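Peer 1: The sequence and its predicted three-dimensional model are supplied below.
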Amino acid sequence: MIQRIQSVFLLLLALAMLSVLFLPIWSKTDPSSQQTVVLTATTLSFTNPGPNAAAPTTTWPIAALSALSAAVAFFEIAQYRNRFNQLKLGMLNFLLIVGTIGAGFYYSGIGERMVNIKIPGVFEAGFYLPTLALLLNLLANRFIRRDEQLVRSMDRLR
């Protein structure tokens, strides 16, 4: 099970998506007031709020999508005997990861409006990890498909 390369890719994918829960995704600092808006998987809030700072916004869809993606990846590893199920779960995981990236863009747009300055915000490590997970998912699906083709070619020889 774990000796297959796609299992390693799926394990790394799950770790990357779990890391999104703990790392900042996006931040923006106002140089005049020194207010910083930080987007994490659970909240969009000011680190040092001023007198007219907005209330923190919950960003639970990012956390839910990334945790669900990690859970699907772990379940996909356990389905090593059924490659068709693995491919279906890989497509589901693709959609979850794209949803995580989309939610990150959406909430960073909300954060841009919280601090009205012309300087753009900075995407942090938590934003780039789903992109890495997307690449790992595509590689895992490619190797699962290759295993399936190998098994089918052996069946023809029998």
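Peer 2: Looks like it arrived, so ask away.
Peer 1: In contact with the residue nearest the centre of the chain, which residues?
Peer 2: Central residue check for the chain by CA atoms, centre = their mean: the C-alpha nearest the mean position is that of Pro130, 3.1 Å away. Contacts of Pro130 were listed using CB atoms under 8 Å, 6 or more residues apart in numbering, and they are Ala16, Met17, Val20, Ser66, Ile97, Thr100, Ile101, Gly104. Bear in mind the C-beta positions are built from the backbone N, C-alpha and C, glycine included.
Peer 1: Equivalent analysis for Thr40, please.
Peer 2: Neighbours of Thr40 in contact, by CB under 8 Å, 6+ apart: Leu23, Pro24, Ile25, Thr59, Gly126.
Peer 1: Give me the buried subset of those residues.
Peer 2: Pro24, Ile25, Thr59, Gly126 (16 or more other CB atoms under 10 Å).
Peer 1: In strands, which of the residues you listed fall?
Peer 2: Among the buried ones among the contacts of Thr40, none falls in strands (DSSP state E).
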